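Peer 1: show me the folded form of this:
(one chain, ligands or ions: 2)
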Amino acid sequence: MAEPLIFAIPKGRILDEALPLLAEAGIVPGADFHDKDSRALRFGTNNPDIDIIRVRAFDVATFVAHGAAQLGIVGSDVLEEFKYSEIYAPVDLDIGHCRLSVAEPRELAETDDPREWSHIRIATKYPNFTRRHFEAKGVQAECVKLNGAMEIAPALGLTRRIVDLVSSGGTLKANNLVEVDVLCEVTSRLIVNRAAFKTRPAVMALVERFREIVAAR
Ligand SMILES: Nc1ncnc2c1ncn2[C@@H]1O[C@H](COP(=O)(O)OP(=O)(O)OP(=O)(O)O)[C@@H](O)[C@H]1O
Ligand SMILES: O=P(O)(O)OC[C@H]1O[C@H](OP(=O)(O)OP(=O)(O)O)[C@H](O)[C@@H]1O
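Peer 2: Ligands and ions are numbered 1, 2, ... in the order given. You can find the predicted model right below:
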């Protein structure tokens, strides 16, 4: 019998929107998945041929790229940051809507014009994407990599600007920052390892199933 397929899903905020989609696709994790005290990371599902692993959002892409997981759900922000050639992202799941934006302190924004930038310092979780995005516009972006709480960087003088995810804008507002430029819109995608997609028919079948589910919504 073939090893079960491994489906990687992120721990964070995408999870609540992803679980109903998984259920529609016929994948329901065991009760231990919802046990807050459990330290387990791998879970069986109602389908003996599919196990779920719950990992950090950025690591979903890493597991799938290396073939350690065959499928995953991840934000397009993460895909843009890594650009893994081994990942195929065939289905936009229409969940996890937000955008990647440049933000800066309100006082700076009053006189700042992004069209005049030639060199900027940015604190971000997305240094590769940020550099690439600004390079294409002829702007040199010097990035300081952070793993979270970017919004505190300008007030403490680490960098004047940040690139981070924005949805309601509430986090920026609470930190006296304003959005001055949008790099891209973000949604979550179903991703598969390219080799697994070619060699394991069950992976291709699941891709088709997710396509149908999204089309019917
Ligand atoms: N405010 C938001 N609204 C909608 N989707 C979001 C929002 N913030 C993040 N996302 C999506 O959720 C994914 C995970 O978000 P985020 O990185 O904030 O989670 P996290 O729990 O902090 O992850 P980690 O702890 O692994 O860094 C992002 O890659 C993005 O695609
Ligand atoms: O515009 P808003 O609706 O305020 O959303 C934006 C916030 O959401 C994300 O963080 P999240 O809440 O996932 O926590 P994190 O800081 O752990 O990444 C993101 O990094 C922003 O901080």
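Peer 1: in the chain, where's the longest strand?
Peer 2: Among the segments of the chain that qualify as a strand by DSSP state E, the longest is strand 177-186.
Peer 1: list the helices and strands it packs on?
Peer 2: With contacts defined as 3 or more Cβ pairs under 8 Å, 6 or more residues apart in numbering; DSSP states H and E, the secondary structure elements packing on strand 177-186 are helix 76-82, strand 98-105, helix 106-109, helix 127-135, strand 161-166. C-beta: built from backbone N, CA, C; applies to glycine.
Peer 1: so how far is ligand 2 from Pro105?
Peer 2: Pro105 sits at a distance of 16 Å from ligand 2 (criterion: Cβ to the nearest ligand atom, to the nearest Å).
Peer 1: tell me the centre residue of the chain?
Peer 2: With distances taken as Cα atoms, centre = their mean, Gly75 lies nearest the centre of the chain, 2.7 Å away.
Peer 1: that one is in contact with Cys184, isn't it?
Peer 2: No - Gly75 is not in contact with Cys184 according to Cβ atoms under 8 Å; the separation is 10.9 Å.
Peer 1: where does this structure dip in pLDDT?
Peer 2: In the predicted model of the chain, residues 1 satisfy pLDDT under 70.
Peer 1: what's the domain layout of it?
Peer 2: 5-96+187-216, 98-185 (automatic domain parsing).
Peer 1: surely Asn46 touches Ile27?
Peer 2: Yes - applying Cβ under 8 Å, one finds Asn46 in contact with Ile27, separated by 7.3 Å.
Peer 1: highest mean neighbour count out of the helices and strands packed on strand 177-186?
Peer 2: When neighbours are counted by mean count of other Cβ atoms under 10 Å, the highest per-stretch mean among those falls to strand 161-166, a mean of 24.
Peer 1: only alpha carbons, please: show the helix or strand following it as CSV.
Peer 2: Using DSSP states H and E, the helix or strand that follows strand 161-166 towards the C-terminus is helix 170-174. C-alpha atoms of helix 170-174 as CSV (Å, rounded to 0.1, in the frame of the first residue of the first chain):
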residue,chain,number,x,y,z
GLY,A,170,-6.5,48.0,12.1
THR,A,171,-3.0,47.0,13.0
LEU,A,172,-1.4,49.9,11.0
LYS,A,173,-3.8,52.4,12.6
ALA,A,174,-3.0,51.1,16.1
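Peer 1: got the residues of the protein near ligand 1?
Peer 2: Residues of the chain found near ligand 1, taking Cβ under 6 Å from any ligand atom as the criterion, are 10-14, 56-57, 75, 77-78, 96-98, 148, 165, 167, 186, 188.
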